[in-house]
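[1] Show me the folded form of this:
(chains A and B)
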Amino acid sequence: MGITKKCVSLHVVFSKYQPMKRYLFPFLLLLLALTAAAQNPVIHDQFTADPTARVFGDRVYLYPSHDIFPPEGARQDWFCMADYHVFSSDNLTDWTDHGVIVTQNAVPWVRTDSYAMWAPDCVCRDGKYYFYFPAAPKDGRGFAVGVATADRPEGPFMCEPLPIAGISGIDPCVLIDNDGQAYIYWSGMGIRGARLKANMKELADPLQEIAMPRREGMPEMPPMKVGGEEMKGLPDGFKEGPFVFRRGDWYYLTFPWVRGETGEGKNPTETLAYAMSRSPLGPWDFKGIIMAEHANHCWTNHHSIVEFRGQWYLFYHHNDFSLRDDKRRSARIERITFSPDGTIGEVVPTMRGVGINRAASRIDVDRYSQASTGVVTAFVDSLQPFRSWHATLPTKGSWLRYADVDFTDVTDGYLVVCAKAADNTEFYVREKTAKGKVIAKIKMTVKSEVTRPGSPTPFRRDQSGQWLTLTSTIDYTPKGITDLVITNEGGAAVSIDWLQFKNRPKYFTPVGSAAAPAQPDPQGFIRRWSLMEPIAVDVRSNIVFTNSWLREQFDEKLASLPKSKAKWYNLDSENYNVKLFRFAEKYGRQTYGSFFWCETVIDCPEEIPDVRLAAGSNGASLWWLDGEEVLLLEGDRRMVEDDGVSRRLTLKKGRNVLRSAVINGPGLSDMCARFIDEQGNPITDFTILNSK
Amino acid sequence: MKRFHTLLAALAIAAAVNAQIGQPYIHDPSTIAECDGKYYTFGTGGGGLISDDGWSWHSGADRPGGGAAPDVMKLGDRYLCIYGATGGGLGGGHNGRILTMWNNTLDPKSPDFRWTTAVEVCSSDGMEDQDAIDPCLLLDPTTGRLWATYGTYFGTIRIIELDPATGYRVKGNVEKDIAIDCEATDLIFRDGWYYLLGTHGTCCDGVNSTYNIVVGRSRSVEGPYLDNVGRDMFHGGGRMVIAAGDRLYGPGHFGRTVIDEGVEIMSCHYEADLDQGGRSVLGLRPLLWRNGWPEAGDRFHGGTFAIESERRGYSLELIVDFVRQQQERRGWWGANTDEPVKALPNQQLSEVVDTWPEGDIPVRCGDYMMRPHQRWTVTPVSEKGGYLGGPWFRITIEGTDRALTATSDLELTTVPTFTGDDAQLWRIEQLVDGTFRLLPKTIPGRPDLNNADGLNVRYCLYSAADSTPTLAAYDFSSDNSKWRFRNH
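    As a prediction, this is how the structure comes out:
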């Protein structure tokens, strides 16, 4: 039966599987470029279970299994994995997806519709990478473990034609000991371990024949050839997913373990547990748990432990992005510590994880380190969990703390934050604590209290409950790596999705009094100006700039200029157009409705006759050369190159003072000026001096 | 009294030549989209206009999300809508977001009508020199790539690339600044050139709004867009496409619609239509191309004209006896140069009309002699509605009710009295080269030649020979399809 488009639409509401498969993935591929995931889960655009992390060179490589939503016809409430991706990172914050390395359709011995590409491992020996993976063989039962090899950790991998003889099970893990001997561990009839040959593709020791237990109602099975030996000293209870590593003289066998009582009405779930030994194949001394059962009853956990730049990390998984279905899981990371006796400290799962965020990248602060009572997180869109979470600070005084944000790259920063609120409120971003130094104050006005008369109706909108990307100047820029705390300071709840500190573009460079004279740019534009801090003018529209009004304004301001105590700034503009609005923002207070005085000195080696001053300005402007008025740009003007020109002028040998006054109402005020010749070509053979 | 009549006449003309009729109140109309025989345009703030015929518009289109200046385009069998939410300064900041969403239909009454969840494709953060609103779409016909431009006076106009299959931003695409000093841009492609049309001036101030539309062009979609004097739109350049005029202020937010080969219209809004109380209304104008530059054609109001063939320059006329105009003749040699010069009147209808047959009179083309049988009065027939861009017109001999009509054998004749019959209603469209084509609303008695709606969209007034007009399939490449209206 075909699904019509309409059915799919309905599925969005009623089915948790179908719409994901069809809509979610393409959407999230887009998002990957936009989100840096320094927190848990680590990968934000797909499921990543059973994370095996390995350090090759200076990067961490992550080989998870790849949960997907089961296709039609497959068992809907079971694990479903068709292929493997590999990810890598050099900072545990930014992860690169290197794409699919092995798929069930391209392994000779794997049943193509089995969707059983379970927990893998990958190790490096003599420059070659060996990828071990369990899968359902075409002939035979249960699981076998195959090998694929590559010259690089991200592949391309070539699959061996047959699985490893003697391994009937899942969750392979390979340890290469300091003496070069390699061991493989797996889960199948308990946790087993065996020596590998130097070729890494075969067990070193002879296989044993084991009679298969008779199961009621099933035909009798022939005996099975099994390699390795069962690991001794482990506790009772279900165990799988062995991960063995060596630290100093200790070997650690770590494994998911069900410690709780089973039976009617009980459904204990997996912990992560470990045992230690002085030899790679045991016997083992059971030590306890590394991580307790997941609080939300996500049944599985599966992990790896790796040292990267002197710190040990636990990689594990949780069903963060699929809360109602614990067969779709996502990789997480926490730091782990060892006691002097070699035992491992118990690890508490966090949302924050381990990566350090650059303040200049988007930070999902909803994966906070700590928060006050009442702070809750929820999906931004429950139908599209990969769009991630937001955190709600319910009342005045609520706070959340997000650890490890690096401000090194923030020089001339401002804050961008995505937030929503049901009513007008305010929140602060602080450093370190809920009483810490205020970095930025964000006022959220989602309901207009006063509507401006004459403002067009489409813009008078209620923005309550809408996600808004807000910006704010910052009062204080922390140094180095620090913690951010967001505090609710207003009367209503506020929800935060993400925040980011961006650097302002550079508009001006201050010019020192000893600076060498400047040149006009290749198009002749004059970029060095003395600008006076802007003066307020009461204008709301550029259209009111009638000639007579402008004359009045210019005359009045000109008359008051000698008495003015306003500050002047000598600046080089980074752009051909001098962005007066940005100057006003940085060096004054008056941005809109402002009046600017601009002055510069044109120094000519020779007299240049028959030139015209060509200017454009937003809004109106008046221009003088050596005190003589030469150009008026009046009315509803925008900054257009060569919008108006003066009559023919002579630039005399030596210094010529060029002055302009620009008046602006609303909008991004700027101006540009150059001298052009009879043919409209720019004049560039002069230098520009500081006028003040 | 006479003055009163003049006033009435002026009002009658005004009523007949509105920018669009109905209730075409809109700001920033999206490019006209067609869906199941109806026309749609979406404006700022949400909602939009619907028209059954392209001339009479009413509200009723449905676009959620609010914000400013959407654009809508049919891609495959779906409609992609792009719009800006928040931003624009007036809502309290310049932090804008551009979103896209799909619908299977534009008809809000259809059971298939359902907008997909809108997806953000770009944004401005409120602090940068950019304001992510006012987006438009261009599907590049040469590459199949989908582009969007957006922005306002607050900084730059930017271009980004979208995936035409999904409406999402193309992964890794980096936005590029291509213009300043304008807003409500549109991007079009024609004949190897990309054209960026921006709205210059000030909006939202009623009859004092200075909005106008300027254009620059480029061989590359990502610019630079230069105007006719080589000035980059990134430095504020631009050549005028349309400004105020014709009792309409502040044209803004360009959209181009190609109706047929050589038949193009532009859509816009006028900030204020003096004939409609100074409201902001939808405008549709012929789009002309001169030397590779687009220009708005004038609205065709009708009037009295010679209808001159582009083929030979002969004029459409009744087949009636030529009536000599009386004139006192003197040989040039006998001219008395001292005699005062007296202007001679044109030949009057009353001098000749009695010589004309009473029933149907067929037509031909002949040398224009300023005679009554060659003078046609073209009048909008407001109550009959119209087509995309104009009302139906009747074409009658000046001073009479004798009307040009199509016949079932694809020929022409005139009937003594205009009855309002569809065969007597004409669709008059200015072509991109400034000439006109004329199509009768229907070919009478020939349902096989009309479209599903019973309209003729194929057969136009056509020069079968220099002297022989007929109805034949419109062909832009042939001057036989083209006519000029001249009042001289």
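[2] Could you list the low-pLDDT ranges of chain B?
    B:1-17, B:86-92, B:329-336 (pLDDT under 70).
[3] center of it, which residue is that?
    B:R285 (2.8 Å; Cα atoms, centre = their mean).
[4] What residues does that one make contact with?
    Shown in contact with B:R285 (Cβ atoms under 8 Å, 6 or more residues apart in numbering or on different chains): B:242, B:265-266, B:268, B:296-299, B:389. Where you see a C-beta, it was placed from the backbone N, CA and C, and this is true even at glycine.
[5] among those residues, who's most crowded?
    B:C268 (30 neighbours; other Cβ atoms under 10 Å in any protein chain shown).
[6] For it, name its beta-bridge partners.
    B:G283 (DSSP bridges).
[7] In the stretch 401-550 of chain A, what residue spans correspond to helices?
    For the stretch 401-550 of chain A, applying DSSP state H, counting those that start in this stretch gives helices covering A:547-560.
[8] just for it, where's the confidence low?
    Checking the stretch 401-550 of chain A against pLDDT under 70 turns up A:448-461, A:540-544.
[9] try 90
    A:412, A:445-473, A:491, A:504-505, A:513-514, A:535-550 (pLDDT under 90).
[10] can you list the residues of the stretch 251-400 of chain A near chain B?
    A:D381 (Cβ under 8 Å from any Cβ of the partner chain).
[11] List the contacts of A:E431.
    Here A:E431 is in contact with A:437, A:439, A:476, A:478, A:482-485 (criterion: Cβ under 8 Å, 6+ apart).
[12] Who does it form a beta bridge with?
    Going by DSSP bridges, A:E431 forms beta bridges with A:L484.
[13] ok, now how distant is it from chain B?
    21 Å (Cβ to the nearest Cβ, to the nearest Å).
[14] okay, now the domains of the chain?
    Defaulting to chain A. Domains of chain A are assigned by automatic domain parsing as A:1-35, A:48-207+A:224-336, A:357-446+A:461-503, A:508-689.
[15] Chain B was what I was after
    Taken from automatic domain parsing, chain B resolves into B:20-296, B:303-324+B:343-486.
[16] deepest of the ones you listed, which one?
    The highest mean neighbour count among the domains of chain B, using mean count of other Cβ atoms under 10 Å in any protein chain shown, belongs to domain B:20-296: a mean of 21.
[17] which stretch of helix or strand covers whatever residue of the stretch 51-200 of chain A ends up closest to chain B?
    Residue nearest to chain B within the stretch 51-200 of chain A (Cβ to the nearest Cβ): A:D97, separated by 11.9 Å. Using DSSP states H and E, A:D97 sits in strand A:96-103.
[18] Can you name the element that comes right after that strand?
    Defined by DSSP H and E, the subsequent element after strand A:96-103 is strand A:121-125.
[19] Settle this for me: A:P682 is touching A:I676, isn't it.
    Yes: using Cβ atoms under 8 Å, A:P682 is in contact with A:I676, at 5.8 Å.
[20] joint contacts of those two?
    Contacts common to A:P682 and A:I676, judged by Cβ under 8 Å, 6+ apart, are A:G524.
[21] on that earlier part again, so which of the domains of chain A comes closest to B:L49?
    domain A:357-446+A:461-503 (20.6 Å; Cβ to Cβ).
[22] Give me the distance from the closest one to the chain's centre.
    A distance of 15 Å separates the centroid of the chain from that of domain A:357-446+A:461-503, by Cα atoms, centre = their mean, to the nearest Å.
[23] How about A:E426: what's its closest non-neighbour residue?
    A:G490 (3.7 Å; Cβ to Cβ, 6 or more residues apart in numbering or on different chains).
[24] wait, what's in contact with the nearest residue to A:V107 once chain neighbours are set aside?
    Leaving aside its sequence neighbours, A:V107 sits nearest to A:C159 (Cβ to Cβ, 6+ apart; 4.7 Å). Counting by Cβ under 8 Å, 6+ apart, A:C159 touches A:102, A:106-108, A:146-148.
[25] which pair in the residues you listed spans the largest distance?
    A:A106 and A:V147 (14.2 Å).
[26] neighbour count winner among these two?
    A:V147 (23 against 13).
[27] Phi, psi for that one please.
    phi -130, psi 140 (degrees, to the nearest 10).
[28] Repeat that for B:E120.
    phi -80, psi 130.
[29] how would you label whichever residue of the stretch 351-488 of chain B sits closest to chain A: helix, strand or coil?
    With Cβ to the nearest Cβ as the measure, B:A452 is the residue of the stretch 351-488 of chain B nearest to chain A, at 25.2 Å. What DSSP: H, G, I helix; E, B strand; the rest coil gives for B:A452 is coil.
[30] And it, how close does it get to B:R427?
    17 Å (Cβ to Cβ, to the nearest Å).
[31] give me the residue from the stretch 151-300 of chain B nearest chain A.
    Closest point on the stretch 151-300 of chain B to chain A, by Cβ to the nearest Cβ, is B:G236, at 3.3 Å.
[32] which residues does the closest residue to A:P517 other than its chain neighbours contact?
    Of all residues not flanking A:P517 in the chain, A:T687 sits nearest, at 3.8 Å (Cβ to Cβ, 6+ apart). A:T687 is in contact with A:517-519, A:602-603, counting by Cβ under 8 Å, 6+ apart.
[33] Emit the ChimeraX select command for whichever of those are buried.
    Remark: buried members of the contacts of A:T687, expressed as a ChimeraX selection using 16 or more other Cβ atoms under 10 Å in any protein chain shown:
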select /A:518,602
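[34] Return the closest of the contacts of A:C159 with respect to A:A378.
    A:V102 (35.9 Å).
[35] of all the residues in the stretch 201-350 of chain B, which ones are close to chain A?
    So the stretch 201-350 of chain B meets chain A at B:201-202, B:204-205, B:208, B:210, B:231-232, B:235-237 (Cβ under 8 Å from any Cβ).
[36] got those as TSV, with secondary structure columns?
    Shown next, in TSV, are those (three-state DSSP):
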residue	secondary structure
B:G201	coil
B:T202	coil
B:C204	coil
B:D205	coil
B:N208	helix
B:T210	coil
B:R231	coil
B:D232	strand
B:H235	helix
B:G236	coil
B:G237	coil
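[37] Can you tell me how far B:E161 is from B:F418?
    B:E161 is 54 Å from B:F418, by Cβ to Cβ.
[38] that older thread, look up how far A:R324 lies from the residue nearest to A:E426.
    34 Å.
[39] can you give me the helices for the chain?
    This is for chain A. A:5-14, A:18-19, A:25-32, A:547-560, A:580-587 (DSSP state H).
[40] meant chain B, my bad for not saying
    B:2-16, B:349-352.
[41] between the contacts of A:T687, which is closest to chain B?
    Out of those, the member with the shortest distance to chain B (by Cβ to the nearest Cβ) is A:Q519, at 19.3 Å.
[42] Contacts only, for that closest one.
    A:684, A:687-688.
[43] Tell me where the model's unsure across the stretch 551-692 of chain A.
    In the stretch 551-692 of chain A, residues with pLDDT under 90: A:551-566, A:585-594, A:619, A:634-638, A:664-668, A:690-692.
[44] Get me the contact residues on it for chain B.
    Looking at chain B, the residues of the stretch 551-692 of chain A close enough under Cβ under 8 Å from any Cβ are A:576-577, A:579, A:582, A:616, A:618, A:636, A:638-643, A:666-668, A:672.
[45] now with 6 Å?
    Residues of the stretch 551-692 of chain A lying close to chain B (Cβ under 6 Å from any Cβ of the partner chain) are A:636, A:638-641, A:667-668.
[46] Switch these over to a markdown table; also include distance to A:S65.
    A markdown table is the format used below for these (distance: Cβ to Cβ, whole Å):
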| residue | distance to A:S65 |
| --- | --- |
| A:D636 | 64 |
| A:R638 | 58 |
| A:M639 | 58 |
| A:V640 | 60 |
| A:E641 | 59 |
| A:G667 | 56 |
| A:L668 | 52 |
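[47] Bridged to the closest residue to A:I481 other than its chain neighbours, which residues?
    Nearest residue to A:I481 in three dimensions, chain neighbours excluded: A:D406, at 4.8 Å (Cβ to Cβ, 6+ apart). Following DSSP bridges, A:D406 is listed with bridge partners A:R358, A:I481.
[48] Thank you kindly, that will do.
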